[in-house]
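Visitor: Here is a sequence together with a model predicted from it:
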There are 2 protein chains.
Amino acid sequence: MEKNVLLTIEYDGTRFHGWQKQPGVRTVQGLLEEMLAVVCKTEIRLNGVSRTDAGVHALAHRASFAGEFGIPVERLKIAVNNLLSGRTSAVSKNADVRILDARRVPDSFHARFDARGKLYRYIIDNNRDMSVFNRNYRYHVARPLDLDKMREAASFVVGTHDFKCFQASGQEPDVDTVKTVYSLEVFEEPAGEGLISLEVSGDGFLYNMVRIITGTLVEIGLGRKKPRDMKQIIEGRDRRAAGHTAPPQGLYLAEVYYDERSFLDE
Amino acid sequence: MEKNVLLTIEYDGTRFHGWQKQPGVRTVQGLLEEMLAVVCKTEIRLNGVSRTDAGVHALAHRASFAGEFGIPVERLKIAVNNLLSGRTSAVSKNADVRILDARRVPDSFHARFDARGKLYRYIIDNNRDMSVFNRNYRYHVARPLDLDKMREAASFVVGTHDFKCFQASGQEPDVDTVKTVYSLEVFEEPAGEGLISLEVSGDGFLYNMVRIITGTLVEIGLGRKKPRDMKQIIEGRDRRAAGHTAPPQGLYLAEVYYDERSFLDE
């Protein structure tokens, strides 16, 4: 009997060429499909909710797969994590990805098609110097950012707009560039230490959209652009008017939203 | 005219084969000597205060070197860091090491011979599960540790003792195994999150000493050994009676102590 399974996955994107399977390079999807094939004793094809880029991290990526396999779903998490983390060495080659949860879902469920939205977090280190320990996990902006200006600009992003200005150039022209941003928050981490988080949630994101929004907000926070420029940038639908693409290492896929009813059998 | 320079160095030890230069592998000393040779336009030989192992980190390692070179000492830090971090790529291959300070010192000064002691920190993640982001930076101990027992045991370590029991086996027999441990603190990180730090300072440390002290304290914290066993372990001078060698990735060289007078010319 075929089973349909939803995985929640955490990974450090530093040493991956992104999520999506590609021949000859190490990807999260490729590695997980390999481990799942061992555990399920059959070929597995994962449907991931987001194709994160090289260097981008995930606190809770989601992917679903269907298959006929013997292992009970409640044992999948431990079986795959044991393979990933290795048993003998303290730091395994594949300990940079881990399954947080595996649960059975109705046959009709699909991780990507059923997702109602996603939350991304982008972490900026706004200290003059940044520790080497954070080089793969934060974007270092050495000059002080004006958070009030960034927040004012962020308010123009929230809502349903044509976000063509935030789409990486060279993308397929037939993509629907109208998306809804539910929220965009700019805040200092409570522990202090000069960390600034951007949290953006929405029903869908164009390629590099969060990184271009971040780059544009950073330029506004540095005074190179004005908060109200954000409104014109969006209305102009021109990638060249927006700011730079912030680097991948500060970006985390933090949460994927589902309607609880999609987990229930009809 | 020859100048004598003291460097303070931060590094993430994950991708290094330790501090000490060795042919054919990437080491902190090897990499820094290479960069200093470029900047100083002459061969440089670093005297490091500690030969940290592969995977061990440094918040403030120290090394000194003498040489005849043109670049002013106050420009050394930025020149070397620019080479290390690269200018074009956001995440350079060598961004895992950074000079925090470079200062001129008297000709007689030597980073290792003049050091009065060192402080090491060892970080344990005592949560049931550990995030993949911490795999190279903490020692994961999933079962709860009894900190009071660990503190009681730690009190037997402080003082001047023959610490042969904490020396990795197979070391040269003629090493003086009598050392003074100034302090050994066990505390929960104030931010909570189940992190436990051990901080140990002393006038000198045997090979693997901090990692074996940590392994022994962990076994006491888990109830496998008793706090008072620590006294007998030390008195017995037998490596086999002590606990396991805790893994390198939780260990940080945090500080090196100098007499302020050693920075002054006579």
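Guide: Yes, it's here. Residues are numbered from 1 along each chain as shown, chains lettered A, B, ... in the order given.

Visitor: Show the average pLDDT along stretch A:56-66.
Guide: Summarised as a single mean, pLDDT over stretch A:56-66 is 98.

Visitor: Just give me how far that stretch sits from the chain centre.
Guide: In this view, stretch A:56-66 has its centroid 9 Å away from the chain centroid, taken as C-alpha atoms, centre = their mean, to the nearest Å.

Visitor: Next: stretch A:189-204.
Guide: When distances are taken as C-alpha atoms, centre = their mean, stretch A:189-204 is centred 13 Å away from the chain's centroid.

Visitor: mind listing what's buried in it?
Guide: A:195-202, A:204 (16 or more other C-beta atoms under 10 Å in any protein chain shown). Any C-beta I mention is one placed from the backbone N, CA and C, and that applies to glycine too.

Visitor: Could I get these in JSON lines, plus columns for pLDDT?
Guide: Conversion of the buried residues of stretch A:189-204 to JSON lines gives the following (pLDDT from 0 to 100):
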{"residue": "A:Leu195", "pLDDT": "94"}
{"residue": "A:Ile196", "pLDDT": "97"}
{"residue": "A:Ser197", "pLDDT": "97"}
{"residue": "A:Leu198", "pLDDT": "98"}
{"residue": "A:Glu199", "pLDDT": "98"}
{"residue": "A:Val200", "pLDDT": "98"}
{"residue": "A:Ser201", "pLDDT": "98"}
{"residue": "A:Gly202", "pLDDT": "97"}
{"residue": "A:Gly204", "pLDDT": "94"}
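
Visitor: and the end-to-end length of stretch A:6-25?
Guide: Its first and final residues considered, stretch A:6-25 spans 25 Å by C-alpha to C-alpha, to the nearest Å.

Visitor: can you tell me if it touches chain B.
Guide: Yes: Stretch A:6-25 reaches chain B (C-beta under 8 Å from any C-beta of the partner chain) through A:10-12.

Visitor: what's the closest of the buried residues of stretch A:189-204 to A:Ser131?
Guide: A:Leu195 (11.6 Å; C-beta to C-beta).

Visitor: Hmm, A:Asp125 and the closest one touching each other?
Guide: Yes: between A:Leu195 and A:Asp125 there is a contact at 6.1 Å, judged by C-beta atoms under 8 Å.

Visitor: before we move on, back to that, mind checking which of the residues of stretch A:6-25 next to chain B land in strands?
Guide: A:10-11 (DSSP state E).

Visitor: any idea of the pLDDT on the residue in the stretch 151-266 of chain A that chain B sits nearest to?
Guide: Distances between the stretch 151-266 of chain A and chain B by C-beta to the nearest C-beta are smallest at A:Pro247, namely 4.2 Å. pLDDT, A:Pro247: 96.

Visitor: Run a quick neighbour tally on it.
Guide: A:Pro247 sits with 18 neighbouring residues when counted by other C-beta atoms under 10 Å in any protein chain shown.

Visitor: Looks like it contacts A:Tyr137 (just checking).
Guide: No: the criterion here is C-beta under 8 Å, and A:Pro247 misses it with A:Tyr137 at 11.0 Å.

Visitor: Could you measure from the residue of the stretch 151-266 of chain A closest to chain B over to B:Asp125?
Guide: 27 Å (C-beta to C-beta, to the nearest Å).

Visitor: A:Arg135 now?
Guide: Taking C-beta to C-beta, one finds A:Arg135 at 21 Å from B:Asp125.

Visitor: Kindly report the same for A:Arg128.
Guide: Using C-beta to C-beta, we find A:Arg128 at a distance of 29 Å from B:Asp125.

Visitor: Between these two, which has more neighbouring residues?
Guide: Between A:Arg128 and B:Asp125, counted using other C-beta under 10 Å, B:Asp125 has the larger neighbour count: 21 against 10.

Visitor: Over to the more buried one: give its phi and psi.
Guide: phi -100, psi 110 (degrees, to the nearest 10).

Visitor: same check, this time on A:Arg98
Guide: According to degrees, to the nearest 10, A:Arg98 has phi -150, psi 140.

Visitor: Make sure it is actually in contact with B:Asn134.
Guide: No: counting by C-beta under 8 Å, A:Arg98 does not reach B:Asn134; the two are 11.1 Å apart.

Visitor: residues from the stretch 1-150 of chain A in reach of chain B?
Guide: A:10-12, A:55, A:57, A:90-91, A:95-98, A:131-133, A:135-137.
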